[in-house]
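Peer 1: return atomic coordinates for the entry below.
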Amino acid sequence: RADLHKLLLDLATPYMTLRLKSKVLTIEPNTPFVVLESGEILKTDLVIGADGVRSVVRDIVLGRKEKSSDTGDAAYRATLSTEEMLKDPELRPFVDDTEVNVWMGPMRHIVGYCI
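Peer 2: Residues are numbered from 1 along each chain as shown. Next up, the predicted model:
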């Protein structure tokens, strides 16, 4: 996900103004424009709906509230300091190589990547 966000940011930066702490209340995908919680209306050329599992944008584009479905899976996230990993020759490649590492086992998996 971080790679996708960085790619979008890098490609869009010359053509946009980044606004942080600006909650989107609604969008109009056909015009397009965005209405912020502050009441400000932003006319745009493009709206990218990367607003997560409880996406406002997806519901508007689909024209209906999309329900999530219980998969029975749980996701746990953690961040670790890489300082100690860099000291260990077996762990160092997990920091030095900017790849996603996946370990799979029965009914479980782990995904690791540097952020």
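
Peer 1: which residue ranges of this structure form helices?
Peer 2: For the chain, the helices defined by DSSP state H occupy 2-12, 56-62, 83-87, 92-96.

Peer 1: what's in contact with the longest one?
Peer 2: In this case it means helix 2-12. 18, 48, 50, 113, 115 (C-beta atoms under 8 Å, 6 or more residues apart in numbering). Placement of C-beta: from N, CA and C, glycine included.

Peer 1: can you check the last one too?
Peer 2: Helix 92-96 has contacts (C-beta under 8 Å, 6+ apart) with 82, 85-86, 101, 112, 114.

Peer 1: one more: the second one?
Peer 2: In this structure, residues lying in contact with helix 56-62 by C-beta under 8 Å, 6+ apart are 24-27, 29, 47, 49, 51, 65-66.

Peer 1: most neighbours among the residues you listed, please name it.
Peer 2: Using other C-beta atoms under 10 Å as the neighbour test, the contacts of helix 56-62 are led by Ile27, with 20 neighbours.

Peer 1: report the contact partners of that residue.
Peer 2: Counting by C-beta under 8 Å, 6+ apart, Ile27 has contacts 33-35, 47, 49, 56-57, 60.

Peer 1: which among these count as buried?
Peer 2: Buried subset of those (neighbour count, 16 or more other C-beta atoms under 10 Å): 34, 47, 57, 60.

Peer 1: and the second one, how close does it get to Asn101?
Peer 2: In this case it means Val47. Distance from Val47 to Asn101, counting by C-beta to C-beta, to the nearest Å: 33 Å.

Peer 1: all strands of the protein, in order?
Peer 2: With DSSP state E, the ranges of strands along the chain come out as 24-28, 33-36, 41-43, 101-105, 108-112.

Peer 1: ok, which of the ones you listed comes nearest Arg1?
Peer 2: Smallest distance to Arg1 across those (C-beta to C-beta): 10.5 Å, for strand 108-112.

Peer 1: what helices and strands are in contact with the closest one?
Peer 2: Other helices and strands packing on strand 108-112, by 3 or more C-beta pairs under 8 Å, 6 or more residues apart in numbering; DSSP states H and E, are strand 101-105.

Peer 1: counting contacts, what elements does the strand it packs on pack onto?
Peer 2: Looks like strand 101-105 contacts strand 108-112 (3+ C-beta pairs under 8 Å, 6+ apart).
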